[in-house]
Structure formats: C-alpha cells, structure tokens
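**Student:** output the structure for:
(one chain, ligands or ions: 1)
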Amino acid sequence: MHIAIAGNIGSGKTTLTQLLANHFNCNAEFESVENNPYLSDFYTDMPKWAFHLELHFLNSRFRQTRRIQQSNEWVVQDRSIDEGVHIFAKNLFDSKCLSKRDYNTYMTLYNFMLEQINSPDLLIYLKADIDKLVSQIKMRNRSFEQEIPVTYLENLNALYAEWINTVPKERLMVIDIQSTDFKENPNDFENIVTKIDSFHSQRV
Ligand SMILES: Nc1ncnc2c1ncn2[C@@H]1O[C@H](COP(=O)(O)OP(=O)(O)OP(=O)(O)O)[C@@H](O)[C@H]1O
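**Tutor:** Okay, the predicted model is just below:
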C-alpha cells in the first residue's frame, strides 16, 4: 500500500511519515533537503532557480513514486509528486517566477510521467493555518527557510485548499493539525492508525 503524506512547509509530514513507518514496520521515502543542489539558492532568488528546482523535484519524486509502486509493499512517502506540480510549480507560475514556456515544458514532462504512475492508495493531508506553520518552521530552524515570506505560505495554503478538493474522498484523510498532536499525544496518533487500518481492511 502506498500512503502519501501531504501538506504545506512545516506541517509535520516528516514526523508523521517516520512515526507511521515505525508503527507499520514499513519503508519511509523522504526527500533529502541537505543534498538538494538548488533549494538554498532558490530561496535567495526564486525567478532564477525555480525551473531548475522544480525539474529536480519532479525527477526525484517520479523515480521515488515508480520505486514505491513497483515494490508492492507498504511505503509511507513524505509528500506526493502532485504537490510539487499543483501547488509549488503552479504558485511559481502564478507569481511569474516561472515563465509560460518553462511551465509548459515542465507540464508536458509531468503529463508524460503521469502515464507511468498511479495515485497513492491513500493521501493523508495535514491541514494547518499560517501561524502554526510559521511557528513550526521557526522551531526546526533550517537556515534557508527562516526568511520565507508569509505570503508565500499563504499562496501555497490557498492552492492546497483547491487541490485537496480534487482528490477523491475515498482515498483521502484530512488531519487538522491545529487540534491534533500526533507527535506528543499517543491517542491522536492511535486515531490515525485506526483510520488507516480501517481504510486498509476495506480495500482487501
Ligand atoms: N516542488 C517544490 N518546489 C519548491 N520548494 C519545494 C518543493 N518541494 C519541497 N520544497 C521545499 O523543500 C523543503 C523541504 O520540503 P519537505 O518535503 O522535506 O517538507 P517540509 O516542508 O520540510 O515539511 P514538514 O515540516 O511537513 O516535514 C521545504 O523548504 C519545501 O518548501
């Protein structure tokens, strides 16, 4: 089963991915931030580096998704390929950091890739308001993320809200992280596990 954890920057995807992989004793797939060749340059000059960064993420998430789906095992993935496309790249195009021709090239490649992968079996969306995201980004203290403008997070959150409406309800779980603390509260984590178990038992 392929479970993808979706959500804005700082929503807690990495933590939940690791907790679920430990609980289900299965693989977790992350995106390395330290080895990303463009990310810190991107945050200093978005128009210059947007196309490079988006191609990098698209390539890496595509390979990751293929690997997950070919394995046929339980895997928890920290962010889906679709978020890069429908949230991040779309936002960069809307804000003119990606030109029309670069965006078209990117979308053509994505549409071709789509023919070779499926949607995750279950998408878990971590919904958060801006204050919560800002405080979690501050807390983890990655240097290049400290200057992220609030408007950037707001634009991403607005696109998340649109995109999540397009995900079929039967393979979507929404967790409101304003009222759920899966890291510190074992009951909250157990509730998520119970829902996943019930989702899985309905599939088999
Ligand atoms: N397609 C993308 N375009 C631009 N930036 C991206 C893209 N995908 C990820 N990032 C950035 O890469 C960094 C790491 O993202 P990652 O997927 O590890 O999640 P995260 O935002 O750290 O989430 P969490 O706190 O929920 O674990 C963040 O700064 C994020 O904004």
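**Student:** for this structure, what's the longest helix?
**Tutor:** helix 46-71 (DSSP state H).
**Student:** is any part of that helix close to the ligand?
**Tutor:** Yes - using C-beta under 6 Å from any ligand atom, helix 46-71 reaches the ligand at Leu53, Glu54, Phe57. (Glycine included, C-beta is placed from N, CA and C.)
**Student:** pretty sure Trp49 contacts Pro37?
**Tutor:** No - the pair Trp49 / Pro37 is not scored as a contact, 9.9 Å apart, by C-beta atoms under 8 Å.
**Student:** what about the two, which has more around it?
**Tutor:** More neighbours surround Trp49 than the other of Trp49 and Pro37, with 20 against 10 (other C-beta atoms under 10 Å).
**Student:** for this protein, which segments count as helices?
**Tutor:** Listed in chain order, the helices of the chain (DSSP H) span 13-24, 39-44, 46-71, 81-83, 90-94, 100-114, 130-140, 150-164, 186-203.
**Student:** let me know which of the ones you listed is tucked in deepest.
**Tutor:** helix 81-83 (a mean of 23; mean count of other C-beta atoms under 10 Å).
**Student:** which helices and strands sit right next to it?
**Tutor:** In terms of contacts (3 or more C-beta pairs under 8 Å, 6 or more residues apart in numbering; DSSP states H and E), helix 81-83 is packed against helix 46-71, helix 150-164.
**Student:** quick one on the thing from earlier: and the longest helix of the chain with helix 100-114, angle?
**Tutor:** Computed by axes from the mean of the first three to the mean of the last three C-alpha atoms, to 10 degrees, the angle separating helix 46-71 from helix 100-114 equals 0 degrees.
**Student:** helices or strands up against helix 46-71?
**Tutor:** Counting contacts by 3+ C-beta pairs under 8 Å, 6+ apart, helix 46-71 packs against strand 2-7, strand 27-29, helix 39-44, strand 75-78, helix 81-83, helix 90-94, helix 100-114.
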